[in-house]
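> model this:
(2 chains)
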Amino acid sequence: MNPTTEAQKLLKSARIDNPPVSVDKIAAKLKAQLTFEPFKGKDDISGILYRDEKQTVIGINSTHSKARQRFTIAHEIGHLVLHKGELFVDQAVRVNFRDKRSSLAEDQQEIEANKFAAELLMPQEMIRHEVEKCITKKKVATEAQLMTELARVFDVSEQAMGYRLFNLGIISSPS
Amino acid sequence: MIFYRAFGSKLRQARKAAGLTQEVLADRVGLSRPSITNIERGNQQVPLHMLDSFASVLGMKPCELLPEDTRPIESRKLPKKLTDKLEPLTEDRREWISRVVASSTNPKEKPRA
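Residues are numbered from 1 along each chain as shown, chains lettered A, B, ... in the order given. Next comes the predicted model:
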């Protein structure tokens, strides 16, 4: 399954065509319960997906910023739609090196869930539309301003928006 | 122990609600004031029969003084499948995940939406 097309299909069936994308609405559509809990210990966690025959639960670390929580929800929805498995645990900091336990397949799933989350929260089509709007209305003068403005419109972190705009070839550097 | 800390804060709450000082409560149940301080902080393990004395003085039922379930969530009911999956994780993570799933299964414990 292609993460980007799956995210687009989901947006279409939930009839969402304007930012900010309501992840709550999408989770409800998939009958996934959102549970917000503060994680106080060490070894930070951003969220989990748990499912069995009776329920689907997305757990979100409520000590993170709102934008971050939205990304976590979108990421977990990605696992829900794309991957089989009962439990996915997602740590806060994505490490670039793999530890002994993680497998190549696991990394692949994380990459896919992130791709899915990016398209769900910042759909290409909506991004291009909003960029055009910003430019024709002369709302922004620099790449940094564009990033800030779109992060606000889409209710995501500036960092996430920076990478998204960079990956879509709209800006020349992610920050 | 978490149980005695939870009991202590319940006792403190009940004592204040009854408008009693630690001295007065100590006097009426036959303990010293420092004992009450320690019990309320959870530093002193109070004998079970004292529950009756405390309840009588505070005008409550003994069971009303007992704290909520303080057992670690892991020892409550969780799907077996999940318990197995949690094993390789760190304690903090196990605890958090258990709390999330337990509160989702039992909406009464749900903290907020």
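> check the secondary structure at A:Gly47 for me.
Of the three states, A:Gly47 takes strand under DSSP: H, G, I helix; E, B strand; the rest coil.
> what's the worst-scoring helix or strand of chain B on mean pLDDT in contact with?
Ranked by mean pLDDT, DSSP states H and E, the weakest helix or strand in chain B is helix B:80-86, scoring a mean of 78. For helix B:80-86, the external contacting residues (CB atoms under 8 Å, 6 or more residues apart in numbering or on different chains) are A:Tyr50, A:Asp52, A:Glu86, A:Leu87, B:Glu74, B:Arg93, B:Arg94, B:Ile97, B:Ser98, B:Val101. All C-beta spots, glycine's among them, are computed from the backbone N, C-alpha and C.
> return the item of the residues you listed having minimum pLDDT.
Lowest pLDDT of the contacts of helix B:80-86: B:Glu74, 53.
> for chain B, what are the nearby residues on chain A?
With CB under 8 Å from any CB of the partner chain as the criterion, chain A meets chain B at residues A:33-37, A:39-43, A:45, A:48, A:50, A:52, A:55, A:57, A:59, A:61, A:86-87, A:89, A:101.
> list the buried residues of the least confident helix or strand of chain B.
B:Leu82, B:Lys85, B:Leu86 (16 or more other CB atoms under 10 Å in any protein chain shown).
> identify those among the residues of chain A next to chain B that sit within helices.
Judged by DSSP state H, the subset of those located in helices is empty.
> tally of neighbours for the closest residue to chain A within chain B?
Here chain B gets closest to chain A at one residue, B:Asp92, 2.7 Å apart by CB to the nearest CB. By the measure other CB atoms under 10 Å in any protein chain shown, the count of residues near B:Asp92 is 15.
> what packs against the helix or strand hosting it?
According to DSSP states H and E, B:Asp92 maps onto helix B:91-105. Other helices and strands packing on helix B:91-105, by 3 or more CB pairs under 8 Å, 6 or more residues apart in numbering or on different chains; DSSP states H and E, are strand A:33-37, strand A:45-51, strand A:56-61, strand A:87-91, helix B:80-86.
> any idea how far that helix is from the chain center?
19 Å (CA atoms, centre = their mean, to the nearest Å).
> any idea how far A:Trp30 is from chain B?
You called it Trp, but residue A:30 is Leu. 14 Å (CB to the nearest CB, to the nearest Å).
> what's the closest non-adjacent residue to that residue?
Spatially, and ignoring its direct neighbours in sequence, A:Leu30 is nearest to A:Leu80 (6.2 Å; CB to CB, 6 or more residues apart in numbering or on different chains).
> where does the chain dip in pLDDT?
Let's take chain A. Scanning chain A for pLDDT under 70 picks out A:43, A:92-105.
> ah, no, chain B please
Ranges of chain B meeting pLDDT under 70: B:69-77, B:105-113.
> helices of that one, residue ranges please.
B:2-17, B:22-29, B:33-41, B:50-58, B:80-86, B:91-105.
> anything in the first one near chain A?
This means helix B:2-17. No - with CB under 8 Å from any CB as the criterion, chain A is not reached by helix B:2-17; the gap is at least 14.6 Å.
> show me what that helix is packed up against.
Where contact means 3+ CB pairs under 8 Å, 6+ apart, helix B:2-17 is packed against helix B:33-41, helix B:50-58.
> from the contact counts, what lies against the first one?
Counting by 3+ CB pairs under 8 Å, 6+ apart, the packing neighbours recorded for helix B:33-41 are helix B:2-17, helix B:22-29.
> also the last one?
Judged by 3+ CB pairs under 8 Å, 6+ apart, helix B:50-58 is in contact with helix B:2-17, helix B:22-29.
> let me have those helices in JSON lines, extended by distance to B:Gly59.
Formatted as JSON lines, these follow (distance: least, CB to CB, whole Å):
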{"stretch": "helix B:2-17", "distance to B:Gly59": "9"}
{"stretch": "helix B:22-29", "distance to B:Gly59": "11"}
